[in-house]
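Student: Give me a model of this one.
(one chain, ligands or ions: 2)
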Amino acid sequence: MDKLVIEGGKPLSGTIAIQGAKNAALPILAASLLAEGTTTLERVPHLLDIDVMLNILRELGCRAEHGDGIVTLDTSSLHTSHVPENLMKQMRSSIFLMGPLLSRFGEAQVYLPGGCAIGERKIDLHLQGLKDLGAVIEETGNKIICRADKLIGCDIHLAFPSVGATENIMMAAVMAEGRTTINNAAREPEIVDLQAFLIEMGAKIIGAGTDTITVEGVASLTPCKYGIIPDRIVAGTIMVAAAATRGAVTLLDTQPTHLSSLIHVLRRAGVQISIDDDIIRVDGAARPKAIERIVTSPYPAFPTDLQSQVMVLLALADGVSVMKETIFEGRLKHVDELSRMGADIRVDMNAAFIRGVSRLYGATVEATDLRAGAALVIAGLAAQGRTVVEQVHHIDRGYDRIEEMLKRLGATISRYSPVPNN
Ligand SMILES: CC(=O)N[C@H]1[C@@H](OP(=O)(O)OP(=O)(O)OC[C@H]2O[C@@H](n3ccc(=O)[nH]c3=O)[C@H](O)[C@@H]2O)O[C@H](CO)[C@@H](O)[C@@H]1O
Ligand SMILES: C=C(OP(=O)(O)O)C(=O)O
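Tutor: Ligands and ions are numbered 1, 2, ... in the order given. Sure, this is the predicted structure:
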């Protein structure tokens, strides 16, 4: 397993362009199955999860190429609706195949998905939505078979605004007969991007970005060319890293409105932020101030995917902060690792009580999941001395060569890969 070695204590400085969004690209790649022919997607980041999705699509019979951020995907010779178990288990987003396969083949054979260990992550809302559309679902052990001769539009109410369930239902409903309404839908920008892509393919769908999405089923969709939105979580990670290292960074190709909750939090911490169209400048010259209370919640509130990174900033802040995680019950595992670097954090149930310290110290730490790993990299950049971050494959799920990105901002960071035994 690769390791990152960081010599900390240097402020980040410089300019960086932000990669395309993993969480938009993954459902959009799955949605490409809905049309027969060649779809071209631009700004698709080079990530482990994208490689897994492309491998699944190849197993299903697609021809897929990915170079320089452009994916071309030919879906004309799809030959199976059965996703292999070993690929399903490699990430959570494999579940996005269920809606499109059901829609295109009338059948999807999948397994319980894998992914980071951040909570139970049930799929009951995905399955209920598909059942509401008329699918019959058979669950045997970890295998799930969904079948429907015909999907029929209906009124769906999500008990929780699940991002993935909203997206799966949208993809199943676009070619269902009649009108589907998704109530209490998630409102994340990646859902708006999926809607824009589906419209480009010829779907009739409105409401993404609000809590009610309405889909009028169409008979067929056509392939298209589409550009993925910038990754708000990668942008947020860099913004926090700039602030935690007391640096000054300019981010290009962002969508600042997608980051308004983070910008609000950073400004409350005393970080200077200026915005000019799609450019964000972060200046973190002063010691951050503590923030009394941050609670993670569905968009547009503060995102769970930035919770661990912001906790590093608060660990260095002047005063006591509270961070409450309400989305995933197992998403505070970075606290133990940060404590090994000198952070003073106490966890009670789903809340972290963070007493800021003036300095973190380098240590050998383990990335327990994607964003926990990103947080440890930020801690390493801000800390005094050398930090070794292990289990980097988690970070590679969501950041396109994180060390290259940070080197461009002046960080001293290197990746070490084990030498294979022959
Ligand atoms: C690829 C992608 O877009 N991943 C994002 C997506 O994950 P994902 O789509 O998995 O997140 P959800 O919004 O579905 O999950 C939120 C909560 O709902 C629960 N739940 C979800 C579905 C379900 O059927 N039953 C159920 O109980 C989950 O366990 C979790 O506690 O949104 C999360 C919340 O913003 C982000 O952290 C992830 O980065
Ligand atoms: C939890 C995340 O992703 P996924 O849903 O793909 O596991 C994430 O991007 O932080």
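Student: Going by C-alpha atoms from here, please, whenever you check contacts or count neighbours.
Tutor: Fine.
Student: Dihedrals phi and psi, the residue of the stretch 301-422 of the chain found nearest ligand 2?
Tutor: Closest contact between the stretch 301-422 of the chain and ligand 2, by Cα to the nearest ligand atom, is at residue 305 (4.7 Å). Dihedral angles phi and psi of residue 305 (degrees, to the nearest 10) take the values phi -70, psi -10.
Student: I am assuming it contacts residue 233, so please confirm or correct that.
Tutor: Yes: counting by Cα atoms under 8 Å, residue 233 is a contact partner of residue 305 at 6.7 Å.
Student: And the two? Which one has more around it.
Tutor: residue 233 (24 against 20; other Cα atoms under 10 Å).
Student: Who are the contact partners of the more buried one?
Tutor: Neighbouring residues of residue 233 by Cα atoms under 8 Å, 6 or more residues apart in numbering: 305, 306.
Student: Which helix or strand contains it?
Tutor: Using DSSP states H and E, the element containing residue 233 is helix 232-244.
Student: next SSE after that helix?
Tutor: Counting by DSSP H and E, the next helix or strand C-terminal to helix 232-244 is strand 248-252.
Student: any idea of the angle that next one forms with helix 232-244?
Tutor: Relative orientation of strand 248-252 and helix 232-244, computed by axes from the mean of the first three to the mean of the last three Cα atoms, to 10 degrees: 160 degrees.
Student: can you offset everything so residue one is 37?
Tutor: In the new count, where the first residue is 37, that last one comes out as strand 284-288.
Student: Strand 284-288: what's the following helix or strand?
Tutor: Proceeding N to C from strand 284-288, the next assigned helix or strand is helix 296-304, under DSSP H and E.
Student: list the buried ones in that next one?
Tutor: The neighbour-count check on helix 296-304 (16 or more other Cα atoms under 10 Å) flags 297, 298, 299, 301, 302, 303 as buried.
Student: any idea which of those is closest to residue 431?
Tutor: Looking at those and their distance to residue 431, the nearest is residue 298, at 20.5 Å (Cα to Cα).
Student: what's the closest one in contact with, if anything?
Tutor: 272, 338.
Student: Quick check: the gap between it and residue 46.
Tutor: Remark: distance between residue 298 and residue 46 (Cα to Cα, to the nearest Å) = 23 Å.
Student: ok, residue 411 - contacts?
Tutor: 344, 345, 346, 347, 348, 370.
Student: can you rerun that using 7 Å?
Tutor: By Cα atoms under 7 Å, 6 or more residues apart in numbering, residue 411 lies in contact with 344, 345, 348.
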